[in-house]
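A.B. asks: What follows is a predicted protein model with its sequence.
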Amino acid sequence: QVQLVESGGGLVQPGGSLRLSCAASGSIFSIDAMGWYRQAPGKQRELVATITSGGSTNYADSVKGRFTISRDNAKNTVYLQMNSLKPEDTAVYYCNAEGYGSFLRRFGSWGQGTQVTVSS
């Protein structure tokens, strides 16, 4: 079983910055993609950014140029640096990881979510 624990959310003014972290732990053989998703009130969960084990990244158009995803493979940790935050970035941010666990069983895990609120 693989657990993901997020940290770094909070309240920030428009134009400000936050850095989210997500650490994976448990029976991990390897992690392929890691990513961040978000869900605003009354809306569906949407992709924010993903990163492969080789470092290839993908971003939602709404965050390109403002957010940067990175990962530390040795620590099984993914980060999301969020700059120039806007009120529409307000949401619960969820971490996701997919890979192989014990006995090379495929896993896909979600974190519990961390609230990001952008408001003056």
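C.D. replies: Nice, thanks for sending it over.
A.B. asks: so what's the residue of the chain most remote from its centre scoring on pLDDT?
C.D. replies: Distance from the C-alpha centroid of the chain, by CA atoms, centre = their mean, peaks at F103 (26.1 Å). Note for F103: predicted pLDDT of 89.
A.B. asks: The one 5 residues further on too?
C.D. replies: At G108, the pLDDT value in this model is 94.
A.B. asks: Excluding covalently adjacent residues, which one is nearest to it?
C.D. replies: Closest residue to G108 apart from its sequence neighbours, by CB to CB, 6 or more residues apart in numbering: E98 at 4.7 Å. Placement of C-beta: from N, CA and C, glycine included.
A.B. asks: Could you please name the strands the helix or strand hosting that neighbour pairs with and the direction of each pair?
C.D. replies: Using DSSP states H and E, E98 sits in strand 91-101. Paired with strand 91-101 in the same sheet, following DSSP bridges, are strand 28-39 (antiparallel), strand 106-110 (antiparallel), strand 114-118 (antiparallel).
A.B. asks: And the first one, what's buried?
C.D. replies: It refers to strand 28-39. By neighbour count with 16 or more other CB atoms under 10 Å, strand 28-39 contains the buried residues I28, I31, A33, M34, G35, W36, Y37, R38.
A.B. asks: roughly how far is it from the heart of the chain?
C.D. replies: Offset of strand 28-39 from its chain centre (CA atoms, centre = their mean, to the nearest Å): 8 Å.
A.B. asks: swap in stretch 29-49?
C.D. replies: 6 Å.
A.B. asks: re earlier: against I31, how distant is the residue nearest to G108?
C.D. replies: Relative to I31, E98 is positioned 7 Å away (CB to CB, to the nearest Å).
A.B. asks: Many thanks, I have nothing further to ask.
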